[in-house]
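# okay, here's the prediction I keep looking at, along with the sequence it came from:
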Protein chains: 2
Amino acid sequence: MKKDLSCCFPSLIPSRDTARFFLLGVLIGLAGAAVFSSLERLTELKAHHLWENRIQNFSHEHNISYDKLKFLLHHYEEARTAGVRTERSRALWDIPSAFYFVGTVVSTIGFGVSAPSTTTGKVLLVFYGLLGCSATILFFNLFLERVITLLSLLIFWCHTWQDSQCGRKDQTSEGDPNEEWKPSVYQVMLILFVAILLVAFGAASIYSVMEGWTYLESLYFCFVAFSTVGFGYFVSGQREHHEDTWAYQVANCLLMLLGVCCTYSLFNAISVIIKQGMNWILRTLDSMYNS
Amino acid sequence: MKKDLSCCFPSLIPSRDTARFFLLGVLIGLAGAAVFSSLERLTELKAHHLWENRIQNFSHEHNISYDKLKFLLHHYEEARTAGVRTERSRALWDIPSAFYFVGTVVSTIGFGVSAPSTTTGKVLLVFYGLLGCSATILFFNLFLERVITLLSLLIFWCHTWQDSQCGRKDQTSEGDPNEEWKPSVYQVMLILFVAILLVAFGAASIYSVMEGWTYLESLYFCFVAFSTVGFGYFVSGQREHHEDTWAYQVANCLLMLLGVCCTYSLFNAISVIIKQGMNWILRTLDSMYNS
Ligand SMILES: [K+]
Ligand SMILES: [K+]
């Protein structure tokens, strides 16, 4: 019976290839870790050194013990969690900010500028997130479907136009265009990539004006937000004067929504291409082994 | 020609239903915002008040101007970005921590405990993230495929066992079990939900011992991490003594990987159910309208 099953469910038994690709993934992760470590380790040590100097100078200058300062900083960390910052920032839990918070939760960006501190809020977040994240994935998938349909339409129009230029007008009306003009994954990837670049460059122009970031920082923020990584060092719309600029807040939400949708779709398209590449490698290895 | 296209590409034109569901989504978001705002706003104001009192007392007690303290805190915020904390924490950019960082980027958790501060690091992150996130989505999708296959196998076994109890042994071998015993989306959801609960309860037991969090906080951390929201208030494996506990670090990574895989799959399963529910509502509304 076991033999029967292994032929019916071939993908269940982890093959040597699966193990190899898993190992490859871990190795690429380690390589990335080594690169980031070498890039950032020095800056980290310098920052630690600088801070130690600063706090010791402060302690010495004002004749306050190091422990008392540490106690103040500990309180400050506590206050930070509730939204206190040295530069005055906007309220974290008024309705527009709470809406922004809900948006960053269901899209799984989770900047962490604000997070529920009450137990009720935490419990509620789990249930709200469970349904919200699922609904958002559905929304993303529907968005990807529309993009593919739009692309089919564009390809269909291009061909019709080309054919009409060549005087072969009648032939194109035949057949089902949905099938005939189905775009390849490369076309989908390309159009999404261009769309993301357009959204990111547009958004970065707005952010660099409204947030006081450099253009490069704004672009970096766009990637971090659109990919739903959301580190939380740069977060848009948190300054005090943003409370009154409704247009900017709405534009911010819409740009993020568009960016996240496109990037989710792009990741899916690239993942299909990676899968095709992996299959190609396996086939090549297989034929090399067999010949 | 336009008539032809609208029948060929029906999903391109945003229907009244699409607009309705979009509006529904915004309303649910606003409702969530209102609830979280009412829950958290008071705590925020209290925390601001408490902090103002504390810093004024400190300023008064030690005869330091408020501005000088603010300057120190501003420096502290800068240092925090580079990983300085009041409680001693582990290095952020040694190889194991950098590997953890890379893992939280490609899974899009992005706790934000560490983020590249050098420009090279930021640029590299964009390219690494683009490929890494895509590869991770592929990994998640392959994981979901395996889960479905495993479930098919379980159902097949159950039926075989039931039939053998009833003495109808021969009938089950016929037909393609892959098709015949394909699990429903509800069964997939149930098994994933149970799996996540098991992983979360197991992980929370470990975290509550190793991180000094309460069990409820540990469970909340599990949801925030597994759903890839990743706020960054609770982050596992950051204490100084964790540097030496390799077993815990590896267990932490594996538990997170398993949790994120299961939760991604669960979100996808729930999104399918939501889609079915939406279609059912539309059909019901349609038949009510037509009758
Ligand atoms: K995420
Ligand atoms: K995050």
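Sure thing, it's come through. Ligands and ions are numbered 1, 2, ... in the order given.

# tell me the centre residue of chain A?
Centroid-nearest residue in chain A, with Cα atoms, centre = their mean: residue A:227, separated by 1.1 Å.

# next, give phi and psi for it.
phi -80, psi 0 (degrees, to the nearest 10).

# likewise for residue A:83?
Per degrees, to the nearest 10, the backbone of residue A:83 is at phi 110, psi 10.

# cool, and residue A:110?
According to degrees, to the nearest 10, residue A:110 has phi 50, psi 60.

# need the contact list for it.
By Cβ atoms under 8 Å, 6 or more residues apart in numbering or on different chains, residue A:110 lies in contact with A:104, A:228, A:230, A:232, B:110, B:224, B:228, B:229, B:230, B:231, B:232. In this view, the C-beta of every residue, glycine as well, is placed from N, C-alpha and C.

# again with residue A:188
Residue A:188 touches A:147, A:148, A:151, A:265, A:269, counting by Cβ under 8 Å, 6+ apart.

# ok, and which of the contacts of residue A:110 reach ligand 1?
A:228, B:228 (Cβ under 5 Å from the ion).

# now the contacts of residue A:110 in TSV, with pLDDT and distance to ligand 2?
Listed next are those as TSV, based on pLDDT from 0 to 100; distance: Cβ to the ion, whole Å:
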residue	pLDDT	distance to ligand 2
A:104	92	8
A:228	93	8
A:230	89	4
A:232	83	6
B:110	90	4
B:224	93	9
B:228	93	8
B:229	93	6
B:230	89	4
B:231	89	6
B:232	83	6
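
# let's have the contacts of residue A:110 in CSV, adding secondary structure.
Formatted as CSV, the contacts of residue A:110 follow (DSSP: H, G, I helix; E, B strand; the rest coil):
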residue, secondary structure
A:104, helix
A:228, coil
A:230, coil
A:232, coil
B:110, coil
B:224, helix
B:228, coil
B:229, coil
B:230, coil
B:231, coil
B:232, coil
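
# so who does the residue nearest to the centre of chain A touch?
Residue A:227 touches A:263, A:267, B:108, B:129, B:130, B:133, counting by Cβ under 8 Å, 6+ apart.

# give me that answer again for 10 Å
For residue A:227, the contacting residues are A:109, A:196, A:259-260, A:263-264, A:266-267, B:105-106, B:108, B:110, B:125-126, B:129-130, B:132-133, by Cβ atoms under 10 Å, 6 or more residues apart in numbering or on different chains.

# now, the residues you listed that are in helices?
If you go by DSSP state H, the contacts of residue A:227 have A:196, A:259-260, A:263-264, A:266-267, B:105-106, B:125-126, B:129-130, B:132-133 in helices.

# give me the buried subset of those.
Listed as buried from those are A:196, A:259-260, A:263-264, A:266-267, B:105-106, B:125, B:129-130, B:132-133; burial here means 16 or more other Cβ atoms under 10 Å in any protein chain shown.

# wait, which of those residues is closest to ligand 2?
residue B:105 (10.1 Å; Cβ to the ion).

# helices of chain A, start to end?
A:2-8, A:16-62, A:66-81, A:95-106, A:119-166, A:177-180, A:185-210, A:215-226, A:246-290.

# where does the stretch 101-250 of chain A dip in pLDDT?
Across the stretch 101-250 of chain A, the ranges flagged by pLDDT under 70 are A:167-180.

# show me which residues of it are close to ligand 1?
So far as Cβ under 5 Å from the ion goes, the stretch 101-250 of chain A lies against ligand 1 at A:108, A:228.

# residues contacting the nearest residue to residue A:126 once chain neighbours are set aside?
Nearest residue to residue A:126, sequence neighbours excluded (Cβ to Cβ, 6 or more residues apart in numbering or on different chains): residue B:223, at 4.8 Å. Residue B:223 makes contact with A:122-123, A:125-127, A:129-130, B:196, B:200, B:204, B:229, B:259, B:263 under the criterion Cβ under 10 Å, 6+ apart.

# kindly reformat these as CSV containing distance to residue A:56.
Putting the contacts of residue B:223 into CSV (distance: Cβ to Cβ, whole Å) gives the following:
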residue, distance to residue A:56
A:122, 38
A:123, 43
A:125, 41
A:126, 43
A:127, 48
A:129, 43
A:130, 48
B:196, 47
B:200, 43
B:204, 40
B:229, 38
B:259, 42
B:263, 45
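
# which one of those residues sits closest to residue A:239?
Nearest to residue A:239 out of the contacts of residue B:223 is residue B:229 (Cβ to Cβ; 23.6 Å).

# the closest one and residue A:109 touch, don't they?
Yes - taking contacts as Cβ atoms under 10 Å, residue B:229 lies within contact range of residue A:109: 7.7 Å.

# overlap of the contact sets of these two?
Common neighbours of residue B:229 and residue A:109 (Cβ under 10 Å, 6+ apart) are A:228, A:230, B:108, B:110.

# now the closest residue to ligand 1 within the stretch 151-291 of chain A: how far from residue B:23?
When scored by Cβ to the ion, the stretch 151-291 of chain A has residue A:228 as its residue closest to ligand 1, at 3.6 Å. From residue A:228 across to residue B:23, the span is 24 Å (Cβ to Cβ, to the nearest Å).

# who's more crowded, the two?
When neighbours are counted by other Cβ atoms under 10 Å in any protein chain shown, residue A:228 and residue B:23 differ, and residue A:228 comes out ahead with 25 against 10.

# out of the contacts of residue A:188, who's near chain B?
Contacts with chain B are made by A:148, A:269 out of the contacts of residue A:188, judged by Cβ under 10 Å from any Cβ of the partner chain.

# mind listing what the residue of chain A positioned farthest from its centre touches?
Relative to the mean C-alpha coordinate of chain A, counting by Cα atoms, centre = their mean, the farthest residue is residue A:63 (46.9 Å). The contact partners of residue A:63, taken as Cβ under 10 Å, 6+ apart, are B:62, B:63, B:64.

# the first one: neighbour count?
Residues near residue B:62, counting by other Cβ under 10 Å, number 15.

# which residues are in contact with it?
A:62, A:63, A:64, A:65, A:68, A:69, A:72, B:69.

# for the residue lying closest to residue A:196 once chain neighbours are set aside, grab the count of nearby residues.
Once flanking residues are discounted, residue A:196 sits nearest to residue A:262: 4.7 Å by Cβ to Cβ, 6+ apart. Around residue A:262 there are 25 other residues, counting by other Cβ under 10 Å.

# no more questions from me, cheers.
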